[in-house]
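Q: okay, sequence plus prediction incoming.
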Amino acid sequence: MHPVDGRKTLARWALLWSTCGLLAGRLALAQPAQLRIAWDKDLAFENDRKGYEELLTQVVGQAYGRVSGSFGKELTRLTIQVHSPAGYQSSFGPQAAAARGAHYFRGEIHVNGGARLNERFTGMLVHELVHAFLDFQGTSGRVPIWLNEGMAELHQWRALAMADLAPNQLAELKRALEEKKLTPFPAHGPLSPFQYLQSYAVVLYLDQQHGGAKLGEVLGRLLQGQSPEVVFRKVLGSDQIGLEQSFAEWIKRR
């Protein structure tokens, strides 16, 4: 990429992320052309299949519009694969079937057709779409796991109208601080439930303390392949250890 083009790309990321609070409310009601929904042929319905398909299509379009608006770009293609409950369990195991309604993997979001299409499912779909956007052209591996999952969690909670930490979340983080378990940030997955909360809180902290434009620039530089430590120092003025210390102080002051 030409240096001038790179600066323009980073500037667009920063601007788009800083306005994501406004863009997130503009939901797309139609299924985007590049978004394909595929159905297991053996997916059975107790009631109205057509109604379920129409509702899922609407939920997917809304979630896609929210995330696409926040990132300021479109995916060239993405498949939403809807499995039958038995098929989902057969492919991903009983634990995943019991705990998940959807997950992203290599260009596809896999949906458990037994999932209820409620607010929880919508938030989960937004979460997985964030992973899809970060993995645009196979780039998600350039983003540290705590930042990758923290971004997805931030979007998920905002989709559920949560703008800040809930009291029980803050209490759990404060308890971890007292027990010296709050840091370091997780370097690798899979993450525990607490590490998902920790990652969400870190990204929320970065957004509130450094601003959406800075967070957008961090993401833009990482997705271009720049080193995390170089990016953190250049954009946020600190290495990860310094970020961990300032994050812990932020939790302590809350």
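A: Cool, the structure landed.
Q: so Q58: helix, strand or coil?
A: The three-state label given to Q58 by DSSP: H, G, I helix; E, B strand; the rest coil is helix.
Q: count the neighbours of it for me.
A: 16 (other C-beta atoms under 10 Å). In this view, the C-beta of every residue, glycine as well, is placed from N, C-alpha and C.
Q: from R100, how far out is it?
A: 21 Å (C-beta to C-beta, to the nearest Å).
Q: which element is Y104 on?
A: strand 102-105 (DSSP states H and E).
Q: for that strand, name the packing helices and strands.
A: strand 108-112, helix 119-134 (3 or more C-beta pairs under 8 Å, 6 or more residues apart in numbering; DSSP states H and E).
Q: contacts for whatever helix or strand comes next after the last one?
A: Read it as helix 119-134. Downstream of helix 119-134, the first helix or strand assigned by DSSP H and E is helix 145-159. Helix 145-159 is contacted by residues 24, 63, 66-67, 70, 122-124, 126-131, 134, 140, 143, 185-189, 191, 195-204, 207, 218-219, 222 when judged by C-beta atoms under 8 Å, 6 or more residues apart in numbering.
Q: hey, what's the angle from helix 145-159 to helix 119-134? Just curious.
A: 140 degrees (axes from the mean of the first three to the mean of the last three C-alpha atoms, to 10 degrees).
Q: how about residues contacting the next helix or strand after helix 145-159?
A: Following helix 145-159 in sequence order, the next helix or strand is helix 167-178 (DSSP H and E). If you take C-beta under 8 Å, 6+ apart as the criterion, helix 167-178 is touched by L165, L182, F194, L197, Q198, A201, A248, I251, K252, R254.
Q: same thing but at 7 Å, please
A: Here helix 167-178 makes contact (C-beta atoms under 7 Å, 6 or more residues apart in numbering) with L182, F194, L197, A201, A248, I251, K252, R254.
Q: count the residues that sit near R142.
A: Residues near R142, counting by other C-beta under 10 Å: 19.
Q: got a list of what it touches?
A: Shown in contact with R142 (C-beta under 7 Å, 6+ apart): L222, L223, G225.
Q: so the first one is in contact with P228, correct?
A: Yes. The pair formed by L222 and P228 meets the contact definition of C-beta atoms under 7 Å, at 6.4 Å.
Q: those two: which is more packed in?
A: Using other C-beta under 10 Å as the criterion, L222 and P228 rank with L222 on top: 23 against 16.
Q: tell me the pLDDT at the more buried one?
A: Predicted confidence (pLDDT) for L222: 96.
Q: again, but for the one 5 residues further on
A: In the prediction, the pLDDT value recorded for S227 is 96.
Q: still on that earlier bit, let's have the helices and strands packed on strand 102-105 in TSV, adding mean neighbour count, mean pLDDT and distance to K234.
A: Below are the helices and strands packed on strand 102-105 laid out as TSV (neighbours: other C-beta atoms under 10 Å; pLDDT from 0 to 100; distance: least, C-beta to C-beta, whole Å):
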stretch	mean neighbour count	mean pLDDT	distance to K234
strand 108-112	23	93	33
helix 119-134	22	94	20
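Q: quickly note the distance from the residue nearest to S140 when sequence neighbours are not counted to D48.
A: With sequence-adjacent residues excluded and distances taken as C-beta to C-beta, 6 or more residues apart in numbering, S140 is closest to L134, at 4.5 Å. Relative to D48, L134 is positioned 35 Å away (C-beta to C-beta).
Q: ok, now T183?
A: If you go by C-beta to C-beta, the gap between T183 and D48 works out to 50 Å.
Q: again with L236
A: Separation of L236 from D48 (C-beta to C-beta): 51 Å.
Q: repeat that for P190.
A: In terms of C-beta to C-beta, P190 sits 36 Å off from D48.
Q: got it, and D207?
A: Distance from D207 to D48, by C-beta to C-beta: 41 Å.
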